[in-house]
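S.K.: Okay, sequence plus prediction incoming.
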Amino acid sequence: MSSAITEVEESKTGSSAPWPMVPIGDVFDIQQGKALSAAARGASDRYPFLRTTNVLWNRIDGSSIDTMGLSAQERSRLALCPGDLLVCEGGEIGRAAVWHGEIDECFYQNHIHRLRSRREASPEFFAFWFKYAFTMADLYQGAGTKTTIANLSMGRLAALPIPLPPLDEQLRIAAALTTIQRAQNAVNSEIRQLEVLKESYKAGFLSAYSKTSQVALGSLRCSINTGPFGSQLHASDYVPVGVRVLNPMHLLRNGVVDGPTPCVNEHTATRLERHKLRVGDVIIPRRGELSRYARVDANIAGSLCGTGCMVIRLEDQRINADYFATYFGSEGAQAYLRDAATGTIMPNINPKILESMPIPLPSRAKQDEFVKGCDAIDSALRAADNKTKVLSRVFDSALSCLFGPQL
């Protein structure tokens with residue numbers, strides 16, 4: 001990270017006079033891609049092409065590439081070359097990335113503009129400029145037209161002003177920002193690998209005991225309680241700031257939303273004391289998206305279970321509450337809930353269904369060891385996530401430092 005900051009500082013010191021501003025059309029030849037049609041979709045010979053979903057900010061996402069039919073003339077006109085700057089015409093207008101020849105013989109649809117340099121220019125520099133101009137400085141406000149969705153026509157794009165510093169300065173700035181971006185990509189790759197590792201670790205451990213050591217949840221010492229009835233909560237009980245009430249919409253996959261939730265006054269919370277959450281509880285929805293749940297930690301302990309939720313409270317020393325919460329989010333537990341749920345339009349579960357839920361139950365020592373392994377991976381994930389936040393701030397700061405003064 002320090003080398004990236006050094007490169008930014010060196011790029012700043014190389015800047016002298018304000019950059020001249022010229023229309024995009026003076027620097028780039030602009031070509032729009034081919035519209036996808038039923039005939040192109042059904043052609044016998046189809047070729048890979050990029051959609052706007054493949055063009056991210058300063059990055060091409062090639063994980064899912066579509067195909068369509070193109071004539072020999074269209075292939076000649078629309079073939080991408082390394083160094084082409086791609087700019088989204090629709091969706092998030094202006095989103096730009098450079099094509100580096102990620103796959104052989106690739107083309108692009110009509111919602112993408114291909115910009116090819118007419119003179120010596122760094123396409124990477126201008127991709128970063130678009131990121132700054134569209135998302136931070138809001139320099140091109142009103143550049144797009146809007147019917148049902150926003151779009152940036154070829155004529156409007158060609159007329160937009162862009163800076164044109166000397167080529168060596170473009171290259172220095174692009175190199176500095178690319179260094180930060182590579183660090184971001186490396187951390188994102190680390191996060192993906194850790195997520196795959198965690199899922200593999202969980203699946204391997206749980207499958208080892210899924211057939212030989214199962215018990216029903218109801219056979220363990222535990223309680224399963226529903227939230228208060230709707231008649232127990234009135235509009236007058238709610239206040240802007242007070243004791244939080246967690247409803248199904250506030251649950252994620254093993255977590256709760258960061259945003260605001262309803263709150264009730266202290267008197268109501270005391271009256272509904274039996275519905276207060278404790279550390280170690282697992283709160284789940286009674287209906288709807290049954291994959292939502294949260295292991296109650298110190299941050300949400302003391303909140304109230306909402307009317308649409310249930311709380312599982314384990315009091316049996318044979319099972320680790322963290323282990324159970326991890327198992328609840330596994331495919332095995334979710335498959336059981338999907339099969340056992342009642343209701344045709346919206347799945348519903350009740351305490352009886354939960355009591356019959358089978359749980360792999362290895363020894364407590366093995367459960368504890370498993371939880372420690374999950375915690376270690378989670379700790380690495382949190383550290384990597386913090387890195388992404390720091391690098392994002394560094395990147396935004398670098399954009400502002402390098403481009404802002406020239407305006």
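M.R.: In hand now; what should we look at?

S.K.: and stretch 377-391, which residues are buried?
M.R.: Buried residues in stretch 377-391, counted by 16 or more other C-beta atoms under 10 Å: 377, 380-381, 384, 387, 391. Just so you know, the C-beta spots here come from the backbone N, C-alpha and C atoms, and that holds for glycine as well.

S.K.: typo on my end, it should be stretch 176-187
M.R.: 176-181, 183-184, 187.

S.K.: thinking again about what came up before, just to be sure, which of the buried residues of stretch 377-391 are found in helices?
M.R.: Residues of those located in helices (DSSP state H): 377, 380-381, 384, 387, 391.

S.K.: With adjacent residues omitted, what lies nearest to residue 158?
M.R.: residue 25 (3.3 Å; C-beta to C-beta, 6 or more residues apart in numbering).

S.K.: re the thing from before, farthest pair in the buried residues of stretch 377-391?
M.R.: Across the buried residues of stretch 377-391, no pair lies farther apart than 377 and 391, at 21.0 Å, counting by C-beta to C-beta.

S.K.: Any regions of the stretch 251-400 of the chain where pLDDT drops low?
M.R.: Applying pLDDT under 70 to the stretch 251-400 of the chain flags no residue at all.

S.K.: in it, which spans are helices?
M.R.: Along the stretch 251-400 of the chain, the stretches classed as helices by DSSP state H, counting those that start in this stretch are 266-271, 321-328, 331-340, 351-355, 364-403.

S.K.: what's the answer for the stretch 1-150 of the chain, then?
M.R.: Taking DSSP H, counting those that start in this stretch to define them, one finds helices in the stretch 1-150 of the chain at 2-13, 24-27, 38-42, 72-78, 123-135.

S.K.: closest to residue 334 out of those?
M.R.: Of all the helices of the stretch 1-150 of the chain, helix 38-42 comes closest under C-beta to C-beta, at 35.0 Å.

S.K.: Convert the C-alpha atoms of the closest one to PDB, please.
M.R.: C-alpha atoms of helix 38-42 as PDB (Å, rounded to 0.1, in the frame of the first residue of the first chain):
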ATOM      1  CA  ALA A  38     -33.900 -12.900 -31.700                       C
ATOM      2  CA  ALA A  39     -32.200 -13.700 -35.100                       C
ATOM      3  CA  ALA A  40     -28.800 -13.000 -33.600                       C
ATOM      4  CA  ARG A  41     -29.600 -15.100 -30.500                       C
ATOM      5  CA  GLY A  42     -30.700 -18.000 -32.600                       C
END
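
S.K.: Would you mark the buried spots in that helix?
M.R.: Residues residue 40 are the ones in helix 38-42 that count as buried (16+ other C-beta under 10 Å).

S.K.: and if you look at stretch 355-373?
M.R.: With the criterion 16+ other C-beta under 10 Å, stretch 355-373 contains buried residues 357, 359-362, 366-367, 370-371.

S.K.: with the ones in helices among the buried residues of stretch 377-391 in mind, which one is nearest to residue 159?
M.R.: Using C-beta to C-beta, residue 391 comes nearest to residue 159 of these, at 34.2 Å.

S.K.: and the longest helix anywhere in the chain, what does it pack onto?
M.R.: Of all segments of type helix in the chain, defined using DSSP H, the longest is helix 167-209. Counting contacts by 3 or more C-beta pairs under 8 Å, 6 or more residues apart in numbering; DSSP states H and E, helix 167-209 packs against helix 2-13, helix 123-135, helix 364-403.

S.K.: Over the shortest one, what's the mean pLDDT, rounded is fine.
M.R.: I take that to be helix 2-13. Mean pLDDT, computed over helix 2-13, is 52.

S.K.: possible to save the helices and strands packed on helix 167-209 as TSV with distance to residue 296?
M.R.: Formatted as TSV, the helices and strands packed on helix 167-209 follow (distance: least, C-beta to C-beta, whole Å):
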stretch	distance to residue 296
helix 2-13	40
helix 123-135	37
helix 364-403	15
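
S.K.: Please identify which of the ones you listed is closest to residue 62.
M.R.: That would be, of the helices and strands packed on helix 167-209 and by C-beta to C-beta, helix 123-135, which comes in at 16.5 Å.

S.K.: Pull out the buried positions in the closest one.
M.R.: Under the neighbour-count criterion of 16+ other C-beta under 10 Å, helix 123-135 has 123-134 buried.

S.K.: list the helices and strands that helix packs on?
M.R.: Secondary elements touching helix 123-135 (3+ C-beta pairs under 8 Å, 6+ apart): strand 85-88, strand 96-98, strand 112-117, strand 161-163, helix 167-209, helix 364-403.
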